[in-house]
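Asks: I would like the atomic coordinates for the input below:
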Amino acid sequence: MYRNDNVIPTFSLLFAVAIFVTAMLNQQHINRLAGENVDHLSVGGIGLIAFALVLFIYGFIGLLSNWLEGQELRPGIQQPEPGSAPLVAGIVLSLLLVMLSGFFVRLITFAYAANPLKPAEVAAANPTWLQGLVFAAMMLVIAFLIALYKKFYLPEEVVAEDEKGDFPW
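Replies: Residues are numbered from 1 along each chain as shown. Here you go, the predicted model:
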């Protein structure tokens, strides 16, 4: 039967971290050679970071798939056995999501209520990177909630077909 493997996703995560560290060390080396602090990344550094991000996402999805589906798939329906730990984790993540949502709404309303005629002052007091960071954290919490729900509350069904099935794959 089909087996989920941890080796390739783990290797891609480690390789992504190594590429990212290499890009950052390369940028620091360029700064030392230039004798000043260069604020921008080079084209090669941007390419390395983009490649590292793709590898990191690939590895993360592979490890998440292994955690959700298990090491080896078995035909049939497997009923989950929910316990109190997933319930508590879901409650804690939901409360965290509510707090992050409130903070995000506060950031957005503060950005427009502070001084709508002087956007430079508002941008200095309320940076857009903070708004993006809070929104990304909210999306990660939602993804963790969905993964918890799939793992501990949905029955898993694996359908096995013959090699000479009706579908051409």
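Asks: Just want the most central residue of the protein.
Replies: L140 (5.9 Å; CA atoms, centre = their mean).
Asks: for the strand or helix carrying it, packing partners?
Replies: In this assignment (DSSP states H and E), L140 forms part of helix 128-153. Helices and strands touching helix 128-153, by 3 or more CB pairs under 8 Å, 6 or more residues apart in numbering; DSSP states H and E, are helix 43-69, helix 84-113. Placement of C-beta: from N, CA and C, glycine included.
Asks: what packs against the first one?
Replies: If contacts are counted by 3+ CB pairs under 8 Å, 6+ apart, helix 43-69 sits against helix 7-34, helix 128-153.
Asks: Domain-wise, how is this structure divided?
Replies: 1-73, 80-159 (automatic domain parsing).
Asks: So for the last one, first residue to last residue, what's the gap.
Replies: Start-to-end span of domain 80-159 (CA to CA, to the nearest Å) is 17 Å.
Asks: Return the mean pLDDT over that domain, rounded to an integer.
Replies: Taken as a whole, domain 80-159 has an average pLDDT of 84.
Asks: for stretch 66-76, same thing?
Replies: 78.
Asks: Using CSV, list the CA coordinates for it.
Replies: What follows is stretch 66-76, C-alpha atoms only, in CSV (Å, rounded to 0.1, in the frame of the first residue of the first chain):
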residue,chain,number,x,y,z
ASN,A,66,2.2,12.6,7.1
TRP,A,67,0.8,13.8,10.4
LEU,A,68,-2.8,14.0,9.1
GLU,A,69,-2.9,10.8,7.1
GLY,A,70,-0.4,8.6,8.9
GLN,A,71,2.6,6.6,7.8
GLU,A,72,0.7,4.0,5.8
LEU,A,73,-2.8,4.3,4.4
ARG,A,74,-5.1,1.3,4.9
PRO,A,75,-8.3,0.8,2.9
GLY,A,76,-11.6,1.4,4.8
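Asks: what does it contact?
Replies: 1-6, 9, 147, 150-151, 156-160 (CB atoms under 8 Å, 6 or more residues apart in numbering).
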